[in-house]
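**Q** any chance you could fold what I've pasted below:
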Amino acid sequence: MCGIAGFVGSIEGSGSGKGVRTMVSALARRGPDSEGIESWPDAVLGHRRLAIFDLSDAGRQPMLSADGRVGIVFNGSIYNYRELREDLKNRGCRFRSDTDTEVLVYGYIEWGLDALLKRSKGMFAFALWDSTRRKLFLVRDRLGVKPLCYAVHGRALAFASTPRALRSAGLVDDLDPQALLAFLSLGYVPDQLSVYRGAKKVPAATVIEWEAGELTERKYWQLPEPRSEPQFSFDEAVEETERLFLKAVESRLYAHVPVGSLLSGGIDSALVCWAIAKLGGDITAFTVGVPGDPWDETKAASETAKRLGVSHKVLQMSEQEEVSAEQLTWAYAEPFAAASGLGMLRIAEAVSGDVTVLLTGDGGDDVFLGYPRHRHLWAADKVPRWARPVLSAGWGQMRRGFPRKGALRRFAAFLDYASGDLSAFFDHALWLRNPDFKLLLGERLIPQSGVVEKDHSGRGPDALASLLSHEYRSRFVGEYMTKVDGATMYHALEARSPFLDQDLWEFAAALPYNTRLHSGKLKAVLRRIATTRLGPEVAKRRKIGFGIPVQRWLSGRWRKRVEDAFQDSLLAREGWVNASQVLHLLRTPPGEHLDYLWHLYVLELWMQKETAGTSVIREDETAGLRKS
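**A** Model prediction:
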């Protein structure tokens, strides 16, 4: 895990070397072990290193080929790099380090970029400069686990791990109103947008090529479509999933630094720990406990650890331990309001003194279908298509007055899905149609709110297929992957999830929905493995997660802070929000508007930090950084 930055081409008056150094400084927390800069006549590459493989100076970046023709800055891990290294050694390549980064350099030279990417399995974002061809490649991994963005200035290009780094060098500055509106609605900035105008994110599974001022973009991998008919029986699907999962865990256990694993009360992290134990891995499983909190999973996790015989460490946290929303603005380069991000930050901070690599259970719900919405839409898809227009007409007359409490709420949601109303999933402008929400907007956002359109891309006749396609491009990358990357990198941890393994995803994504939701059970394949390997009591546990009750705290322990923030609001002074209306809603009884207020509060704190300047790193942000 690292931070990367660079320039190609000529940006008049920018001082490209100085600009790269500024961006690298802004990425210090992503790589506390060392810093490096390399230059060519029309390119500069910069790097901050978190050493995972080959901790010696031989692993420093930017890394160059022996003749200096090819240079690379790399963030992530190639899990099969040792196999690739042996292949390259057999072709005559001589290595100076034991790193995955050097494998990318010589793999490019020997095989070319496309063949290298086809062979490489892992999570990564890298920039590769070929000085002979005067060509830059920006590459992001298949699932968008690692971030990468860029900005074009005339015929020159700058890139960095985060938009904040680009902004620190003065390469972007103006806020994008559409990104702000999307954030206020969703709680994150989707990958198709950036909070700064001019900053663009490299999409997942994509190569951006720069040559002589011209850009081209291409996808190098596509997630397979689910089969309509099963190729395997359910038991065969379970057996193959277990085989692939064990292989994915094994590849992620290798590192030259201490490795640990998270262990919650859920089945995903329990399966990771089961696989580690089966493979003979000698690592510690960590559980973050919050005594007395309804989210505390210490008891369940301890029982699982005892059953597996793995070393287990509970890191206790009191609910009274101070948690501040400001932490989200320090760790995340763009506004980010997922409350679980605060929970992930607490976890990362707690384990960072013990390990540098942390295995997690992220991704299992997404591809094996573990969220209730997956089952709802799967069931809705079973309504005959000829009946949907009739249902839509009848339900359209009843839905406004229909009570949405208790079991009736789920029934009403099912009728929404079955009649084809999926706006709650696909329309990020849904909040903008709420009169209370629109009253919160300032004069700079009100005109923009009328031009935000629904995201119809990927919509098809099958609701579940449409949802999964949409979420893969939006929430999965923009919220879930961003949450883990931001929190762990802020505390100099490399997070690895076996459930994000390429081979496992390709296999699972191609399974029919009836297999993944076998007998109507969420995540049925993984639950069967958990039942067999861990016992039915573990397999039946409900997902809890580790979050922070921010909506409750807004009207309680944080209320004075929020009032103070909007009494002298930077957002209001610059015309983005109506502070008087924000304060009015804050003083009304708790309700749905607390979601609006939470997003606004996070945006206010983020704006204050950005205005204070990102090139100066605060003392509280650099605490614990290792010396370069």
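
**Q** point out where the chain drops to low pLDDT.
**A** Along the chain, segments meeting pLDDT under 70 span 11-15, 293-295, 318-322, 384-433, 450-461, 543-547, 591-592, 613-628.

**Q** mind running it again at 80?
**A** 1, 10-16, 289-296, 316-323, 380-437, 447-462, 541-549, 590-593, 613-628 (pLDDT under 80).

**Q** how is it divided into domains?
**A** When the chain is parsed with automatic domain parsing, its domains come out as 2-219, 234-368+473-539, 372-434+453-471, 550-622.

**Q** distance across the first one, terminal residue to terminal residue?
**A** Taking CA to CA, to the nearest Å, the span from the opening residue of domain 2-219 to its closing residue is 24 Å.

**Q** that one: how far from the chain's middle?
**A** Its chain's average C-alpha position is 17 Å from that of domain 2-219, according to CA atoms, centre = their mean, to the nearest Å.

**Q** that older thread, to Pro226, which of the domains of the chain lies closest?
**A** The closest of the domains of the chain to Pro226 is domain 234-368+473-539. By CB to CB, the value is 5.6 Å. Any C-beta I mention is one placed from the backbone N, CA and C, and that applies to glycine too.

**Q** start to end distance for that closest one?
**A** When the termini of domain 234-368+473-539 are compared using CA to CA, they are 17 Å apart.

**Q** picking that back up, which among the domains of the chain is found nearest to Glu443?
**A** Going by CB to CB, the one of the domains of the chain nearest Glu443 is domain 550-622, 5.0 Å.

**Q** take the domains of the chain and write them to CSV, including distance to Arg227.
**A** Listed next are the domains of the chain as CSV, based on distance: least, CB to CB, whole Å:
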stretch, distance to Arg227
domain 2-219, 20
domain 234-368+473-539, 5
domain 372-434+453-471, 12
domain 550-622, 38
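
**Q** any chance of those in CSV, with distance to Pro447 and mean neighbour count too?
**A** Formatted as CSV, those follow (distance: least, CB to CB, whole Å; neighbours: other CB atoms under 10 Å):
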stretch, distance to Pro447, mean neighbour count
domain 2-219, 8, 20
domain 234-368+473-539, 20, 20
domain 372-434+453-471, 12, 15
domain 550-622, 11, 17
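
**Q** among those, which is nearest Gly442?
**A** Proximity to Gly442 (CB to CB) singles out domain 550-622 among these, at 4.5 Å.

**Q** how far does that closest one sit from its chain's centre?
**A** Relative to the centre of its chain, domain 550-622 is centred 24 Å away, using CA atoms, centre = their mean.

**Q** who's in contact with Tyr332?
**A** 341, 482, 486 (CB atoms under 8 Å, 6 or more residues apart in numbering).

**Q** equivalent analysis for Arg561, please.
**A** Ala325.

**Q** distance check, it against Tyr472.
**A** Separation of Arg561 from Tyr472 (CB to CB, to the nearest Å): 36 Å.

**Q** same question, Arg373
**A** Computed as CB to CB, the Arg373 to Tyr472 distance reads 14 Å.

**Q** taking the centroid of the protein, which residue is nearest it?
**A** Nearest residue to the geometric centre of the chain (CA atoms, centre = their mean): Met481, 1.2 Å.

**Q** surely it and Arg142 touch.
**A** No. Taking contacts as CB atoms under 8 Å, Met481 lies outside contact range of Arg142: 11.5 Å.

**Q** re earlier: quick one, which of the domains of the chain is nearest to Leu441?
**A** In this view, the domains of the chain are compared for proximity to Leu441 by CB to CB, and domain 550-622 is the closest at 6.4 Å.

**Q** in three-state terms, label the residue nearest to the centre of the chain for me.
**A** Under the three-state scheme (DSSP: H, G, I helix; E, B strand; the rest coil), Met481 adopts helix.

**Q** same check, this time on Val20
**A** Under three-state DSSP, Val20 comes out as helix.

**Q** need the contact list for it.
**A** Contacts here follow CB under 8 Å, 6+ apart; on that basis Val20 touches 5-7, 37, 44-46, 169.

**Q** also Lys382?
**A** Lys382 touches nothing, counting by CB under 8 Å, 6+ apart.

**Q** other residues contacting stretch 576-593?
**A** Stretch 576-593 has contacts (CB under 8 Å, 6+ apart) with 175, 180, 436-437, 439-442, 444-445, 551-552, 554-555, 559, 562-563, 566-567, 569, 571-572, 596-597, 600, 603-604, 607.

**Q** can you tell me which of the residues you listed are in helices?
**A** 180, 436-437, 551-552, 554, 559, 562-563, 566-567, 571-572, 596-597, 600, 603-604, 607 (DSSP state H).

**Q** so which elements touch the strand or helix carrying Ser469?
**A** Element membership for Ser469, per DSSP states H and E: helix 463-473. The contact analysis (3 or more CB pairs under 8 Å, 6 or more residues apart in numbering; DSSP states H and E) places helix 463-473 against helix 372-380, helix 423-426.

**Q** just the angle between it and helix 372-380, please?
**A** 150 degrees (axes from the mean of the first three to the mean of the last three CA atoms, to 10 degrees).

**Q** and helix 463-473, how far from the chain's centre?
**A** On CA atoms, centre = their mean, the centre of helix 463-473 falls 17 Å from that of its chain.

**Q** tell me which helix or strand comes right after it.
**A** Following helix 463-473 toward the C-terminus (DSSP H and E): helix 475.

**Q** which residues make contact with that following helix from outside it?
**A** Outside helix 475, the residues touching it (CB under 8 Å, 6+ apart) are 186, 188, 190.

**Q** one more pass at 10 Å, please.
**A** 186-188, 190-191, 338, 366, 425, 428, 467, 481-482 (CB atoms under 10 Å, 6 or more residues apart in numbering).
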